[in-house]
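In: below: sequence and its predicted model.
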Amino acid sequence: MKSHVESDRPKEECGLVGISTAGNDAARLAFFGLYALQHRGQEAAGISVSDGRAVRTHKGQGLVGQVFEASTLDPLVGRMAIGHTRYSTTGASNERNVQPFVVETIHGPLGLAHNGNVVNADRFRTELLERGAGLQSSSDTEVLALMLAGMEGDTWDERLAKVMPRWQGAYCLTIIAGTKVIAARDPWGFRPLSLGRLPRGGHVVASETGALQTLGCLDIREVNPGEIVVLQGDLVRSRQAVPPATEMARCTFEQIYFSRPDAVWDDLSVHEARQNLGEELARERPAEADVVIPVPDSSVPAAIGFANVSGIPYNEGFVKNRYIGRTFIEPTDELRRQGVALKFNTLAANIAGRRVVMVDDSIVRGTTSGQLVRLVREAGATEVHVRITCPPITNPCFFGVDMGTYDELIAHHLGIPEISDHIGADSLGFLSVPAMMKALGRDSGYCNACFTGEYPVPVQLSMATEKRRFDGALG
Ligand code: SF4
């Protein structure tokens, strides 16, 4: 069951881990790493391990804790592991597209997991099909794996370095082959990927630093854009396979919404970045009100920032059921009509008789915001002023985030006053692109295409008229 609330949030791509360790417990470490990355993908999970010869995989649909139990982890014996947790739209979320992908190659088995979206993968898919390759899935990840498998070179990192310049768009990869785990990041740096050292020997790469912290890693650093990192035994090796793009294109939404607040990315604490966004929002779009409430969880730091600058007291206005979005039990029709109420209850004592500023991180389709405003009014608020910590989303993402098509994006069709009317707010304010970048302390190096329509890598806009070009494009 995917509630309105779930469908009205940008959907994160995927979470990755890659581990080389001294013991034979790489799969167990990968499991806990994936657990820490569960927010990046909740529809499927998988782990592949290598004992130096064979690659064994267990993967399936569901949350990490549903896919794995002791009996499925125990046979995954090996010192190297990669893991993946995946989001995909319903329908595309079939077993065939669950990662890691493992293919047999002339050099032995190769497992690959991917976070992002390679925008020219369609062309390579056609090339592979024309050459007679049989594809098992509809995912671009399999295309990347087969292209890598077909490259010439003495080592996997050499082959990877040869194929990376062909790929356009967003990709962080973890690869397992033989005695190595290899990680790579695209030259634009769209998605986060970090490296840390295990205190008892070995190394870990993971999409977010929070997962590295969970595993007790030290000496944490980012994998640089265009860099390949090879983990083997206790050792780590690195090569700059592709020069970093002249203009970096980090996804601003990682800072706004996707990453866990304990993540550090681009030397910024995500929690602090969100607090700064709230502070800028209070300066740029002030409101006369009695209380500031966040839409939990991602907007909590921003609401604190808004309250700090505006002088309006902060308080909790909603209690969120963090688990409801992932039930597979269909609600009754009556409960379905209530929609957002399944996920959020209001704290009337903090709202009744007050003018409320409701801080949220984004409006995508506009379905959730209206329901939240209604809940706040029903709890007795006299006015509801909605403040959003990013600019209006007017364009779809082609780099691995599902925000919907042009048709589905409310800000593509309506101006701010009309959206305000649509959601039933007394006022509505978005942060501007310059104020957002000021909050991050950066004036360049970020992708803001969903706000500006200026894509850092050429894309085919026709792709956005379909929900998905082929199932499973998000990795
Ligand atoms: S278009 Fe938006 S969501 Fe996609 S990578 Fe760029 S900033 Fe992130």
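Out: Here it is on my side, so go on. Just so you know, these numbers come straight off a predicted model, no measurement behind them.
In: what comes up buried for stretch 395-413?
Out: 395-404, 408-412 (16 or more other C-beta atoms under 10 Å). From N, CA and C alone the C-beta is placed, and that goes for glycine too.
In: around the ligand, which positions in the stretch 201-350 of the chain sit nearby?
Out: For the stretch 201-350 of the chain, the residues found near the ligand under the criterion C-beta under 6 Å from any ligand atom are Cys251, Thr252, Phe253.
In: which of these fall in helices?
Out: Under the assignment DSSP state H, those contribute Thr252, Phe253 to helices.
In: okay, strands next: where are they in the stretch 351-475 of the chain?
Out: Using DSSP state E, counting those that start in this stretch, the strands of the stretch 351-475 of the chain run over 355-360, 383-388, 427-430, 446-447.
In: ok, which of these comes nearest the ligand?
Out: strand 446-447 (3.3 Å; C-beta to the nearest ligand atom).
In: packing partners of that closest one?
Out: strand 250-251 (3 or more C-beta pairs under 8 Å, 6 or more residues apart in numbering; DSSP states H and E).
In: still on that earlier bit, which one of the buried residues of stretch 395-413 is nearest the ligand?
Out: Looking across these and measuring by C-beta to the nearest ligand atom, the closest to the ligand is Cys397, at 3.0 Å.
In: what sits against that closest one?
Out: Cys397 is in contact with Pro10, Phe253, Met403, Ala449, Cys450, counting by C-beta atoms under 8 Å, 6 or more residues apart in numbering.
In: which residue in the buried residues of stretch 395-413 has the weakest pLDDT?
Out: For the buried residues of stretch 395-413, the weakest pLDDT value sits at Gly404, with 79.
In: could you list the domains of this structure?
Out: Domain ranges of the chain: 4-249, 268-447, per automatic domain parsing.
In: redo these as a markdown table? Include distance to Phe258.
Out: Compiled in a markdown table, the domains of the chain are given as follows (distance: least, C-beta to C-beta, whole Å):
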| stretch | distance to Phe258 |
| --- | --- |
| domain 4-249 | 5 |
| domain 268-447 | 8 |
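In: please name whichever of these is nearest to Asp262.
Out: Asp262 sits nearest to domain 4-249 of all the domains of the chain, at 4.5 Å, using C-beta to C-beta.
In: now the closest one, how far from the centre of its chain.
Out: Offset of domain 4-249 from its chain centre (C-alpha atoms, centre = their mean, to the nearest Å): 14 Å.
In: what mean pLDDT does that domain have?
Out: Averaged across domain 4-249, the pLDDT comes to 92.
In: still on that earlier bit, closest one to Phe190 out of the buried residues of stretch 395-413, please.
Out: Using C-beta to C-beta, Phe399 comes nearest to Phe190 of those, at 5.2 Å.
In: contacts only, for the closest one.
Out: Gly116, Asn117, Val119, Gly169, Ala170, Phe190, Ala249, Cys251, Cys447, Ala449, Val457.
In: same check on Leu428?
Out: Leu428 makes contact with His385, Val386, Arg387, Ile388, Ile416, Pro417, Ile419, Ser420, according to C-beta under 8 Å, 6+ apart.
In: any of these buried? List them.
Out: Among those, those buried by neighbour count (16+ other C-beta under 10 Å) are His385, Val386, Arg387, Ile388, Ile419, Ser420.
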